[in-house]
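In: when you get a sec, could you give me coordinates for this:
(2 chains)
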Amino acid sequence: MSVNNLINNFVVRFANVNGTGSASANYMFAKAVFRMGIFATPKNIFPSNIQGLPTWYDVRVSEKGYLGRREGVDMMVSVNPQSMANDIKSVKTGGYFLYDCTKDLPENYIREDINYIGVPLMEMCINEYSDPRQRQLFKNIIYVGALAALMNIEFEVLEQLFKEQFAGKEKLIAPNVKALQLGMDYIKQHYAYPLPIRLERRDLIGDKILIDGNSACGLGAVYGGATVAAWYPITPSTSVVEAYSEYANKYRVDPKTGKNNFAIVQAEDELAAIGMVIGANWNGARSFTATSGPGVSLMNEFLGLAYFAEIPTLLIDVQRSGPSTGMPTRTQQSDIISAAYASHGDTKQVLVIPSTPKECFDLTADSLDLAEHLQTPIIMLTDLDLGMNDHVSEPFVWDDNRKYNRGKVLNAEELEKMGRFGRYLDVDNDGVTYRTYPGTHPTKGSFFTRGTSRDEYAVYTEDSGAYVQNMERLQLKWETAKTLVPTPIMYQEKNKSNIGFIFFGTTLFAAEESMDMLAENNITIDAMRLRAFPFNNQVSDFIESHQSIVVIEQNRDAQMRSLLINELNCNPSKIKSILNYDGMPITADMIVTQFHNLSL
Amino acid sequence: MTYIKPKFRHPSLPKNDLGYTKTVYEGSLSTLCAGCGHDSISAAIVQSCYELALEPHRIAKLSGIGCSSKTPAYFLSQSHGFNSVHGRMPSVATGASLANKDLIYFGVSGDGDTASIGMGQFVHVVRRNLNMVYVVMNNGCYGLTKGQDSATADEGSKSKAGSVNLFNAIDLPSLALELGASFVAQSFSGDKAQLIPLIKAAIKHPGFALINVISPCVTFNNNPGSTKAYDYVREHLDATSTVDFIPLQEEISVAYEAGSTKNIELHDGSSLQLNKLATNWNPEDRMSAMTAMQQAKLDGEILTGLIFIEPETTDLHAMIKTSDTPLNTMDESQLCPGSQALEALNEEFR
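Out: Model prediction:
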């Protein structure tokens, strides 16, 4: 039997039944690795279900700092009989299979090339605890204890995590620590430990944080000055507004009056959610909503109105795998086209695409500025992987001197001094016109908001010339947007290769790792990470200056590739695709394999 | 014929308490059909705002899509207006109100805009008790697309082309009562004497105020056999009461026979004086209002006037405890927790 020596470099997969409290125990394992100064990337792979179906939780441990998912399980913690047969198959040769040996494994579950570690979890729980719920919950903690012994997790780290988790409920600390100890003791009495796959404390993390993208977006909305959030629950975006609510309740309640410097409305559907956001922004409050693909579809009509009527709007789209339930609790980057060209008539929407929790925080706050500056919808595209899974991220930073950019808004004094106000008059020749909030001035600055059919003074007209002039001004505004949206991240100062990778969002993690893997085989690749649409000159220059371009994305139809070809008019034959759309985050191995199959 | 609205006004036009003549409250020239009920409602809105001496710029007028939703262009030209998306005015009004609780929100919708495509948003804005006036200009048909039946067309009502509506009508005031609306009224575009005090009271009401106004479509639904035609409506009107709006601190001068009057004090101290015509009906009792509506329906009558009111009511802002300061006036100092708090948060995620 082969044994791999894999210090700080392995994948642990937990196979659980959902609704059994396993996620918090598994998270504890990941957090302990992080606290020991080593990169940990947890991924919760969960069903669209509340209780009873299989759920998996991967933790990739990487000394080199790779944060992408990796296939190949080095340690399987199997607590779910439903999925056990397949779980055994997914263990790498030489890997470990930790299971509940209260009952013997069927003979056909025995593989000669992996190591079995039986811990009688159920038996231990029945002996130690009488309450059925405790038996279930402590089973999770016992296996964490077993892993602690097997993989060298520092006991003090786990103990401290319990203290933090149960602050205010100190009574719960001792029984949890006891369960942990039970697991550790069992391993120590029955097995040689630690295993070759194990942890060794490092100092790789520095001041980084471990957080999910949705929390970062919610916090970014609080810092960015959003006061109105309207939303409709949909996985995987729900926790964006939940996080906004948590932080707003923490930081935005007036201590004197007890009243809220924010308003949150759970709308009747996504149509109403975006309608409220548009109404609030029209009236001068920063407002946002969060949804996923089906919600974006429902919001399409309003997105058209907001584009034409030029109303700032922030929509955070946490992308998932299409309609219905089930696969939608898996990740994808498949709303690119539907978001970029959302709605009727000639519309183009500004997209902002973060890759990390730090960018989720920064770009949410920045997008609130950008939406008001450009007076148009900003659609921020994240995905389930970024939104719902914890990622090691740079810490958040805020400059206390920062002022919100409220865009071109005229106050009463300015209106008083000026001549006739023209809501759609391009005074500055940048396509962005001045607006007023309702109620500003008794006799000046009021206007009637419509989608189309008005002149520069917002007076009703069905004149074709006025329509065309307005559409051309909106095109000019689009050009202005190119100078304001987040710029792409370039991986080289000068081109070093004929081949250029283009990727965006969560593909970052696997793409960077794949480039290292290719470099080990002496294949140098240039790369650019997109962060926004419209594309600026850096994007077209990068494509122009490479013989072959490979767009790596997580959808079937190579949507970003289509968008690049359509918008930049570049030669489609030189633009290849590497794709993954099975609902699981793309891996570096997938990219390398597909790369070798490309004819470049 | 000219399509330019004359600007000349008599120099001695009366002025309200703000020193504004009624012309200040007018809008641009209506493009609706001559004789359209909606224009009478617009005129009643102008008259109401003028008499209440409201500052026009402190009113936001919102609508969806349809003939009725075009009308905000025809009143209050000094107010910001928003002609939004078909059936979605309630959500836009909700967002607008959340941003600035200090303005008056005046929503205009039609029967298609409310009872069909907008039904989802209508029922929820009622539930949330958004502080707004919601006028439905109800003509039982789709005017702008040339006369199709709407969901408020009565079963058996005959269209201009002679086809008979097969489906039950949605009764918006009854629905609003069921949903817990705090102000429900019904009126007729041809009865300005009743409509104006209702609009005034609705503006003063500190919660959601529905006024369903039967407003005949002269072009597509004014034929014999239609239950939304002028003649039919006039013949079947049954007023709950006469209605007089008494502003704050004005002596009640309207005299009614003793025993039949009911005085309802509104939230701001002004009052509504009702000379009750309907028996067994109490406008402050939801059950009796619902019964009166159902009875009128059985009798083939159209009950008009104030149907129900709950003068003291808790609106959305009060329910979700928003600040007394409008949210749209807040800046970094009130909204941003700052770098120190962020550093503490970072620590929580380490």
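In: C-alpha from now on. contacts and neighbour counts both.
Out: Noted.
In: tally of neighbours for residue A:211?
Out: Neighbourhood size, residue A:211 [other Cα atoms under 10 Å in any protein chain shown]: 25.
In: hang on, it packs against residue B:349?
Out: Yes - here residue A:211 lies in contact with residue B:349, judged by Cα atoms under 8 Å, at a distance of 6.3 Å.
In: which residues touch residue 152?
Out: All of this refers to chain A. Residue A:152 sits next to A:194, A:198-200 when contact means Cα atoms under 8 Å, 6 or more residues apart in numbering or on different chains.
In: other chain: chain B
Out: Counting by Cα under 8 Å, 6+ apart, residue B:152 touches B:111, B:115, B:138-141, B:169-171.
In: turn these into CSV, including distance to residue A:69 and pLDDT.
Out: Below are the contacts of residue B:152 laid out as CSV (distance: Cα to Cα, whole Å; pLDDT from 0 to 100):
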residue, distance to residue A:69, pLDDT
B:111, 54, 95
B:115, 50, 96
B:138, 59, 95
B:139, 61, 93
B:140, 59, 92
B:141, 58, 92
B:169, 57, 94
B:170, 55, 96
B:171, 57, 96
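In: out of those residues, who's nearest residue A:258?
Out: For those, the closest approach to residue A:258 (Cα to Cα) belongs to residue B:115, at 38.4 Å.
In: next, residue B:191: phi, psi?
Out: Backbone torsions of residue B:191, given as degrees, to the nearest 10, read phi -120, psi 70.
In: sorry, that was for residue A:330
Out: Per degrees, to the nearest 10, the backbone of residue A:330 is at phi -110, psi 170.
In: what's the neighbour count on it?
Out: Neighbours around residue A:330, by other Cα under 10 Å: 25.
In: give the helix, strand or coil label for the nearest residue to it once chain neighbours are set aside.
Out: Of all residues not flanking residue A:330 in the chain, residue A:583 sits nearest, at 4.7 Å (Cα to Cα, 6 or more residues apart in numbering or on different chains). Assigned by DSSP: H, G, I helix; E, B strand; the rest coil, the conformation of residue A:583 is coil.
In: quick one: contacts for residue A:283?
Out: Applying Cα under 8 Å, 6+ apart to residue A:283 gives the contacts A:437-438, B:96, B:99-100, B:328.
In: so which of those is the most crowded?
Out: residue B:99 leads these on contacts (other Cα under 10 Å) with 31 neighbours.
In: what ranges does the stretch 251-350 of chain B have for its helices?
Out: With helices called from DSSP state H, counting those that start in this stretch, the stretch 251-350 of chain B shows them at B:286-298, B:316-320, B:332-335, B:338-348.
In: now the stretch 1-150 of chain A
Out: Going by DSSP H, counting those that start in this stretch, the stretch 1-150 of chain A shows helices at A:22-35, A:84-89, A:121-128, A:132-151.
In: what does chain B give?
Out: B:37-51, B:67-70, B:89-99, B:111-115, B:119-127, B:172-178, B:192-204, B:230-236, B:286-298, B:316-320, B:332-335, B:338-348 (DSSP state H).
In: with respect to chain A, which of those lies nearest?
Out: Closest to chain A of the helices of chain B, according to Cα to the nearest Cα: helix B:89-99, at 3.9 Å.
In: who are the packing partners of the closest one?
Out: Other helices and strands packing on helix B:89-99, by 3 or more Cα pairs under 8 Å, 6 or more residues apart in numbering or on different chains; DSSP states H and E, are strand A:228-231, helix A:270-282, strand B:59-63, strand B:104-110, helix B:119-127.
In: pull the distance from it to the chain's centre.
Out: Distance, stretch centre to chain centre, for helix B:89-99: 15 Å (Cα atoms, centre = their mean, to the nearest Å).
In: then stretch A:231-247?
Out: Stretch A:231-247 has its C-alpha centroid displaced from the chain centroid by 13 Å (Cα atoms, centre = their mean).
In: hmm, which helix or strand of chain B has the shakiest average pLDDT?
Out: The weakest-scoring helix or strand in chain B, judged by mean pLDDT, DSSP states H and E, is strand B:271-276 (a mean of 78).
In: wait, what's in contact with the closest residue to chain B within the stretch 1-150 of chain A?
Out: As assessed by Cα to the nearest Cα, chain B sits closest to residue A:35 within the stretch 1-150 of chain A, at 7.3 Å. Residue A:35 makes contact with A:157, B:350, according to Cα under 8 Å, 6+ apart.
In: what helix or strand does the residue sitting furthest away from the middle of chain A sit in?
Out: Centroid-distance maximum for chain A: residue A:419 at 47.4 Å, with Cα atoms, centre = their mean. Counting by DSSP states H and E, no helix or strand carries residue A:419.
In: can you tell me how far it sits from residue B:261?
Out: 53 Å (Cα to Cα, to the nearest Å).
In: and what of residue B:97?
Out: Residue B:97 is 35 Å from residue B:261, by Cα to Cα.
In: wait, what's in contact with the most centrally placed residue in chain B?
Out: In chain B, the residue lying closest to the centroid (Cα atoms, centre = their mean) is residue B:135, at 2.4 Å. Applying Cα under 8 Å, 6+ apart to residue B:135 gives the contacts B:106-109, B:210-213.
In: shaky segments in the chain?
Out: Went with chain A since none was named. A:1-5 (pLDDT under 70).
In: that's the wrong chain, I meant chain B
Out: Low-confidence segments of chain B (pLDDT under 70): B:1-4, B:249-260.
In: tell me the domain ranges of chain A?
Out: Chain A resolves into domains spanning A:9-190, A:211-393, A:412-482, A:489-597 when parsed by automatic domain parsing.
In: quick one: which of those domains is nearest residue B:312?
Out: Among these, the nearest to residue B:312 by Cα to Cα is domain A:211-393 (20.5 Å).
In: correct me if wrong: residue A:282 contacts residue A:312.
Out: Yes - assessed by Cα under 8 Å, residue A:282 is found in contact with residue A:312 at 7.4 Å.
In: so which of these two has more stuff around it?
Out: Shown here are residue A:282 and residue A:312; by other Cα under 10 Å, residue A:312 has more neighbours (31 against 28).
In: tell me how far the more buried one lies from residue A:374.
Out: Distance, residue A:312 to residue A:374, by Cα to Cα: 7 Å.
In: how about residue A:53?
Out: Shown here: residue A:53 relative to residue A:374, a distance of 46 Å by Cα to Cα.
In: so those two - more neighbours on which side?
Out: Neighbours were counted for residue A:53 and for residue A:374 using other Cα under 10 Å; residue A:374 has more, 26 against 16.
In: show the contacting residues for that one.
Out: A:312, A:407, A:432, A:477, A:481.
In: the last one: which element?
Out: What that stands for is residue A:481. Element membership for residue A:481 (DSSP H and E) is helix A:464-482.
In: for that helix, buried residues please.
Out: A:466-467, A:470-471, A:473-482 (16 or more other Cα atoms under 10 Å in any protein chain shown).
In: any idea how far that helix is from the middle of the chain?
Out: Offset of helix A:464-482 from its chain centre (Cα atoms, centre = their mean): 33 Å.
In: other residues contacting that helix?
Out: A:350, A:374, A:424, A:426, A:430-432, A:452-456, A:533-536.
In: close to chain A: what parts of the stretch 51-200 of chain B are there?
Out: Contact residues, the stretch 51-200 of chain B versus chain A (Cα under 8 Å from any Cα of the partner chain): B:55-60, B:73, B:77-85, B:88-89, B:91-100, B:103, B:120-121, B:124.
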